[in-house]
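**Q** Need coordinates for the below:
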Amino acid sequence: AGVVRPGTLRNRNTDETAQDLAAKTRGTVLLSLGLRRHGLHPAVCVAFSSVCALLPGLAGALGDYAGANAFLDAFAASQRRAGRPWQSVNLAAIAGTGMATGLGTRTAPGPAPVQRAGSLPVATAPALAALRTACGADTA
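**A** Numbering: from 1, shown residues only. Model (predicted):
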């Protein structure tokens, strides 16, 4: 889940910021509560965060997106401290999926998707291999 609304945080009202954060924050909290309420104990719960949570400059004018992903990291850490197997994986853009769909390729007329120089999406196979490795780590 993620909402991208370009613009600086300075130029947003609190309702816009709350809406942009809710996709990741509220969804994550509700998932956690639902798992506990129904007595489900998965081997691991993976929150798909973004590398921009660690390097917010990569988010450009998407500060709320970087903040929402930083929430995922903090939430996973707090859940692990409570004995629940949560992890937050700080992914780069993965080719052909999510918000990265279309980056690095041009199939339609009009302006190119927004991306930073040198930030082409990671191919799916290496991204999945990295995800498997991350899920085997004993850390949030």
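**Q** so which helix or strand takes in the most centrally placed residue in the chain?
**A** Among the residues of the chain, the one closest to the centroid is Ser49, at 2.8 Å (Cα atoms, centre = their mean). Using DSSP states H and E, Ser49 falls within strand 45-50.
**Q** thinking again about what came up before, could you pull up the residues touching the residue nearest to the centre of the chain?
**A** The contact partners of Ser49, taken as Cβ atoms under 8 Å, 6 or more residues apart in numbering, are 69-70, 72-73, 88-91. C-beta: built from backbone N, CA, C; applies to glycine.
**Q** Looking at it now. What's its pLDDT?
**A** Here, the pLDDT recorded for Ser49 equals 88.
**Q** ok, back up a step: so the very next helix or strand once past the strand holding Ser49 versus strand 45-50, what angle?
**A** The C-terminal neighbour of strand 45-50 among helices and strands, as given by DSSP H and E, is helix 63-81. For helix 63-81 against strand 45-50, the angle by axes from the mean of the first three to the mean of the last three Cα atoms, to 10 degrees is 150 degrees.
**Q** Before I go, just wanted to say thanks for your time.
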